[in-house]
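**Student:** Fold the following for me, if possible:
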Amino acid sequence: MKRLRNNITHRRADYTLTWLPALLIALLLGCQDSKNQNTVDEGFDPDRDYFPSKTSIDHAIGFDLVYHNNWKELLLFRHYNDYVDTIKFALVQEGTPVPESFSELRTVSIPVKRLASMSTTHLGMFEKLDALDVLKGIERAEYVSSENIRRLVNDGNIKELEPAGSLNTELTVNENIDLLLGVGYPNSQNDSYQELENAGIPVLLNADWQEKTLLGRAEWMKLLAALLNKEALVNERFGAMEEEFNEVLALVEANVKKGPSTITGLAQGDAWFVAGGKSFAYYILDLAKVEYPWKNSENTGSLRLDFETVYEEGLKADFWMVPSTAKTLDEILQADSRYADFKSFKNKSIYNIYGRYTEGGGNDYYESAVVNPHVVLKDNIKVFHPQLLPDHQLVYYNRLK
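**Tutor:** Sure thing, here's the model as predicted:
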């Protein structure tokens, strides 16, 4: 996901406050209690189950939830080599005590009232859970596809927290944000995030982009649901998507023995980066039972090949998927006239992920598609096996014309 990788690098850019904003934040700290400090209600019942609706994490490998009577233990995982690193948060029901045995945990009072998000991949979760009323800050509106969110920005209900390209920590503090959803590994270091935590604003790093399955990425909406006490709603909506997803998979399994062939990517000079055999991009192709020349490679991201190697495969491949940022056949030819020799070019069977995008840079594939795995799957089945879904119209993918 090139756009997302670029955004992650962009968000990690160093940002140093001048002494005056830093002084203002210090003054704010001096005159207010921590945002996460709960005042315990006199009617607190230690034997009561404060969360009658619970959810389970069945697909995502990046986080888990453990329920206690008045708080939820959120575990964020970073997987690397044979080791799993864990960061923990205590999500404590408002008006109830913070667990003493976990005093070292970061604590968040729930339900959270004012949230900010630093990635478009989170935004679809807010809409899916009817939670736009708690979204008070985003990265930049130009990257957003949702008309509802753009309207709220224009009306002043949602603030742009990176208007100049770097996180404005002073603005974030002044907006009384209760929790910021960042992007990165659970234990990533970031100066701006550290400044917010010093100011009493917890930063929770969302790593949905690490997930290797469509349902795994979509399941991160359950994390947002846990922050908002919306487990009943997320169980209903995620369950419906999961059921439809599995129905489409069963349709493919019953009707497809061997699918058509495809190549991926687009040459950059003499190098051509194609999807690796262990990548998320190939995982989607594999669901559709597509024949792929590099399915046995061990690359979890892209695989670098020379132009001639991919060109030979492109001459005979039935399809060509996600050729970089190309939106038309003319753009393909402008990159290299030899692409006209490809079978996929002659048959106009080249597809990209620009079914919904804005001229300013927003792409709904990196927004609502994250929480609509069943639609992404249907789009791919429609591309490779159109007879199986005759009534489905492409949503996130487009056929180059």
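**Student:** give the contact list for the closest residue to residue 267 other than its chain neighbours.
**Tutor:** Take residue 267 and drop its neighbours on the chain: the residue closest to it by C-beta to C-beta, 6 or more residues apart in numbering is residue 307, 5.0 Å away. Yep, even glycine has a C-beta here, placed from its N, CA and C like the rest. Contact partners of residue 307, counting by C-beta atoms under 8 Å, 6 or more residues apart in numbering, are 267, 270, 271, 272.
**Student:** Now the strand or helix carrying residue 245: buried residues?
**Tutor:** Per DSSP states H and E: residue 245 is located in helix 231-255. Neighbour-count burial for helix 231-255 flags 231, 233, 234, 235, 237, 238, 241, 242, 244, 245, 248, 252 (criterion: 16 or more other C-beta atoms under 10 Å).
**Student:** thinking again about what came up before, by neighbour count, sort out the buried ones in the contacts of residue 307.
**Tutor:** 267, 272.
**Student:** Please narrow the contacts of residue 307 to those residing in strands.
**Tutor:** Members of the contacts of residue 307 lying in strands (criterion: DSSP state E): 267, 271, 272.
**Student:** from these, which is closest to residue 170?
**Tutor:** Nearest to residue 170 among the ones in strands among the contacts of residue 307, counting by C-beta to C-beta, is residue 271 at 42.8 Å.
**Student:** For the residue nearest the centre of the chain, give its distance to residue 228.
**Tutor:** Centroid-nearest residue in the chain, with C-alpha atoms, centre = their mean: residue 121, separated by 3.5 Å. Relative to residue 228, residue 121 is positioned 18 Å away (criterion: C-beta to C-beta, to the nearest Å).
**Student:** ok, now residue 108?
**Tutor:** Relative to residue 228, and taking C-beta to C-beta, residue 108 is found at 11 Å.
**Student:** Tell me where the model's unsure across the chain.
**Tutor:** 1-38, 81-83, 101-105 (pLDDT under 70).
**Student:** thinking again about what came up before, tabulate the buried residues of helix 231-255 (JSON lines), appending distance to residue 297.
**Tutor:** Output for the buried residues of helix 231-255, formatted as JSON lines (distance: C-beta to C-beta, whole Å):
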{"residue": "231", "distance to residue 297": "40"}
{"residue": "233", "distance to residue 297": "40"}
{"residue": "234", "distance to residue 297": "36"}
{"residue": "235", "distance to residue 297": "38"}
{"residue": "237", "distance to residue 297": "36"}
{"residue": "238", "distance to residue 297": "32"}
{"residue": "241", "distance to residue 297": "30"}
{"residue": "242", "distance to residue 297": "29"}
{"residue": "244", "distance to residue 297": "31"}
{"residue": "245", "distance to residue 297": "26"}
{"residue": "248", "distance to residue 297": "27"}
{"residue": "252", "distance to residue 297": "23"}
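**Student:** Could you let me know which of those residues ends up closest to residue 56?
**Tutor:** Using C-beta to C-beta, residue 235 is the member of these that lies nearest residue 56, at 8.7 Å.
**Student:** Grab the nearest non-local neighbour of that closest one.
**Tutor:** Nearest to residue 235 is residue 55, by C-beta to C-beta, 6+ apart, at 5.5 Å.
**Student:** wait, doesn't that neighbour sit right on residue 234?
**Tutor:** Yes: using C-beta atoms under 8 Å, residue 55 is in contact with residue 234, at 5.9 Å.
**Student:** Now do the shared contacts for those two.
**Tutor:** Common neighbours of residue 55 and residue 234 (C-beta under 8 Å, 6+ apart) are 222, 225.
**Student:** Now the element after the helix holding residue 245, going C-ward?
**Tutor:** Counting by DSSP H and E, what follows helix 231-255 is strand 262-264.
**Student:** Please identify the buried residues of that next one?
**Tutor:** Quick answer for strand 262-264 (16+ other C-beta under 10 Å): 262, 263, 264.
**Student:** Going by distance to residue 394, which of the residues you listed wins?
**Tutor:** residue 262 (15.8 Å).
**Student:** what sits against the residue nearest to that closest one when sequence neighbours are not counted?
**Tutor:** The shortest distance from residue 262 to any residue other than its chain neighbours is 3.9 Å, reached at residue 319 (C-beta to C-beta, 6+ apart). Residues in contact with residue 319 (C-beta under 8 Å, 6+ apart) are 260, 261, 262, 263, 290, 344, 349, 350, 351, 383, 384.
**Student:** If we use 7 Å, what do you get?
**Tutor:** 260, 262, 344, 349, 351, 384 (C-beta atoms under 7 Å, 6 or more residues apart in numbering).
**Student:** now the strands for the stretch 301-401 of the chain?
**Tutor:** Using DSSP state E, counting those that start in this stretch, the strands found in the stretch 301-401 of the chain span residues 302-306, 319-321, 350-352, 398-399.
**Student:** helices or strands next to the shortest one in the packing?
**Tutor:** Which is strand 398-399. strand 350-352 (3 or more C-beta pairs under 7 Å, 6 or more residues apart in numbering; DSSP states H and E).
**Student:** The strand it packs on pairs with which strands?
**Tutor:** Take DSSP bridges as the rule and strand 350-352 pairs in its sheet with strand 319-321 (parallel), strand 398-399 (antiparallel).
**Student:** most neighbours per residue, which of those?
**Tutor:** For those, the largest average neighbour count (mean count of other C-beta atoms under 10 Å) is found in strand 319-321, namely a mean of 24.
**Student:** chain center to it, what's the gap?
**Tutor:** 24 Å (C-alpha atoms, centre = their mean, to the nearest Å).
**Student:** do stretch 365-372 as well
**Tutor:** With C-alpha atoms, centre = their mean, you get 7 Å for stretch 365-372.
**Student:** That stretch spans what distance, first to last residue?
**Tutor:** 10 Å (C-alpha to C-alpha, to the nearest Å).
**Student:** Show me the contact partners of that stretch.
**Tutor:** 1, 3-4, 120-121, 123-125, 127-128, 145-146, 208, 217-218, 221, 241, 353, 375-376, 396.
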